[in-house]
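Asks: Here's a sequence, model it:
(one chain, ligands or ions: 2)
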Amino acid sequence: MDTSGAQEYDRLQELKTFDETKAGVKGLVDSGLQKIPQIFVRPAEELAKDLNYKRAQIEVPVIDLGDLEKTHRHKQIVEEVRIASETWGFFQVVNHGISLNVLNEILDAIQKFNEQDVEEKKKYYTRDNTGRVRFNSNFDLFTSRTASWRDTLAISFSDPDQINSDDLPDLCRKSVIEYSKPVSNLGNILFGLLSEALGLEPEHLRNMDCSEGHRFSCHYYPACPEPELTLGTVKHSDLGFLTILLQNQIDGLQIFFQNQWVDVQPIRGALVINIGDLLQLVSNGKFRSNKHRVVANHLGPRISIACFFSGPINMDKVFYSPIKELITEENPPVYKEVLLSDYMTKFFTVGLDENFLVNYCKG
Ligand code: OGA
Ligand code: NI
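Replies: Ligands and ions are numbered 1, 2, ... in the order given. Coordinates of the predicted model:
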């Protein structure tokens with residue numbers, strides 16, 4: 001008897017049943033369950049492997065963006081950005097110019113969206129990845145090995161001045177619009193600094209449209225009764241150029257650095273910045289798109305809002321390849337040219353994959 005086949009069938013059925021509730025992980029928690037369903041339990045060998053890692057005491061760099069306009073400080077900041085981007089691929093920023101009030105409002109609004117009457121929330125639940133506003137639990141539910149303990153509201157827009165506000169859920173419309181402008185502006189500033197850190201003109205990455213295309217993933221990680229058995233987000237690197245992440249005070253984000261998991265301590269008012277796969281590609285490997293994950297937690301909810309800058313959203317014939325100015329005889333291209341639309345389609349088909357860049361873009 002093919003028992004593995006039988007198990008597969010059960011899993012698929014369980015995934016479907018869960019998906020059809022349209023209530024996400026929050027719905028499971030509300031039903032009062034004490035044990036997490038099998039679809040969320042990581043394979044035994046994966047759990048065992050995790051026990052081998054040390055818990056690191058080091059901390060991701062924090063960069064103060066205040067005084068950015070002062071010439072001598074500007075140079076130092078570019079240098080700090082360069083070092084962090086070449087090593088960690090991650091840093092936190094403080095004094096970034098977005099008010100604590102705007103940050104708190106959007107965290108609060110995302111919490112309200114998730115905690116509203118489930119019948120209202122269900123209206124946004126979808127598996128169609130093409131819409132501008134989509135709510136679901138695990139965009140890759142049916143392709144991933146293990147489901148993750150989180151629900152996500154995804155919102156995409158090209159230009160913060162042209163968000164179609166009618167599409168946005170009532171409970172978070174105002175705060176999403178208010179956050180979208182300053183976060184887009186901060187993205188522009190960071191792409192300037194990153195260009196300089198690569199030894200290029202400040203406009204270089206912006207002129208390549210790297211700062212175009214804003215994709216918000218607003219995550220809600222409910223408290224988990226058995227956090228050691230599952231994850232909030234599996235190990236992955238981000239597919240775009242750059243991510244600006246806002247998190248509340250519940251920890252969970254970890255970076256895989258020097259063969260150990262490093263916790264990213266939430267700092268009130270700070271934002272976490274990380275290099276994505278496309279920036280690793282265009283920088284020809286000079287900048288690192290590092291692996292990270294979110295562990296589940298007895299405490300909750302953890303709320304985070306990732307803003308991915310991943311190039312033009314309406315993207316006919318947009319190609320990316322290693323920047324010519326960075327290529328020399330000693331430093332030949334390590335990645336091939338990608339067509340952005342193909343790259344995105346592959347991502348949504350494969351789901352979160354820790355080796356996405358190597359598998360699809362290696363030259
Ligand atoms: C992501 C991600 C981290 C978090 O959305 O790609 O890594 O803290 N999120 O939610
Ligand atoms: Ni990520």
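Asks: Please determine how far Leu239 is located from ligand 1.
Replies: In this view, Leu239 and ligand 1 are 9 Å apart by CB to the nearest ligand atom, to the nearest Å. All C-beta spots, glycine's among them, are computed from the backbone N, C-alpha and C.
Asks: for Val81, same thing?
Replies: As judged by CB to the nearest ligand atom, Val81 and ligand 1 stand 20 Å apart.
Asks: Do I have it right that that residue meets Ile63?
Replies: Yes: counting by CB atoms under 8 Å, Val81 does reach Ile63; the two are 6.6 Å apart.
Asks: the more surrounded of those two?
Replies: Val81 (24 against 19; other CB atoms under 10 Å).
Asks: In three-state terms, label Ile84 for me.
Replies: In this structure residue 84 is Ala, not Ile. helix (DSSP: H, G, I helix; E, B strand; the rest coil).
Asks: For the closest residue to it other than its chain neighbours, list the residues it contacts.
Replies: Spatially, and ignoring its direct neighbours in sequence, Ala84 is nearest to Phe91 (4.0 Å; CB to CB, 6 or more residues apart in numbering). Neighbouring residues of Phe91 by CB atoms under 8 Å, 6 or more residues apart in numbering: Val60, Pro61, Val62, Ile63, Glu80, Val81, Ala84, Ser85, Val272, Ile273, Asn274.
Asks: can you pull the contacts of the third one?
Replies: Taking CB under 8 Å, 6+ apart as the definition of contact, the neighbours of Val62 are Phe91, Gln92, Val93, Val94, Ile267, Ala270.
Asks: From Arg73, how far out is it?
Replies: Between Val62 and Arg73 the computed distance is 15 Å (CB to CB, to the nearest Å).
Asks: how many other residues sit next to the closest residue to Leu168 other than its chain neighbours?
Replies: What sits nearest to Leu168 in space, not counting adjacent residues and going by CB to CB, 6+ apart, is Val176, at 5.7 Å. Close neighbours of Val176, defined as other CB under 10 Å, add up to 26.
Asks: For the residue nearest to the spatial centre of the chain, grab phi and psi.
Replies: Computing the C-alpha centroid of the chain and ranking residues by CA atoms, centre = their mean puts Ala306 first, at 5.0 Å. Main-chain dihedrals, Ala306, degrees, to the nearest 10: phi -100, psi 130.
Asks: bridging residues for it?
Replies: Here Ala306 sits in beta bridges with Ser217, Leu245, as judged by DSSP bridges.
Asks: What residues does it make contact with?
Replies: Taking CB under 8 Å, 6+ apart, we find Ala306 in contact with Phe216, Ser217, His219, Asp238, Thr243, Ile244, Leu245.
Asks: ok, it to Lys54 distance?
Replies: Ala306 is 27 Å from Lys54, by CB to CB.
Asks: Run a quick neighbour tally on the nearest residue to Ser321 once chain neighbours are set aside.
Replies: Leaving aside its sequence neighbours, Ser321 sits nearest to Glu337 (CB to CB, 6+ apart; 3.8 Å). Neighbour count of Glu337, defined by other CB under 10 Å: 12.
Asks: Now do the contacts for Glu337.
Replies: Phe319, Tyr320, Ser321.
Asks: Who are the packing partners of the helix or strand harbouring Val234?
Replies: Assessed by DSSP states H and E, Val234 sits inside strand 231-236. In this structure, strand 231-236 makes packing contacts with strand 214-221, strand 292-295, judged by 3 or more CB pairs under 8 Å, 6 or more residues apart in numbering; DSSP states H and E.
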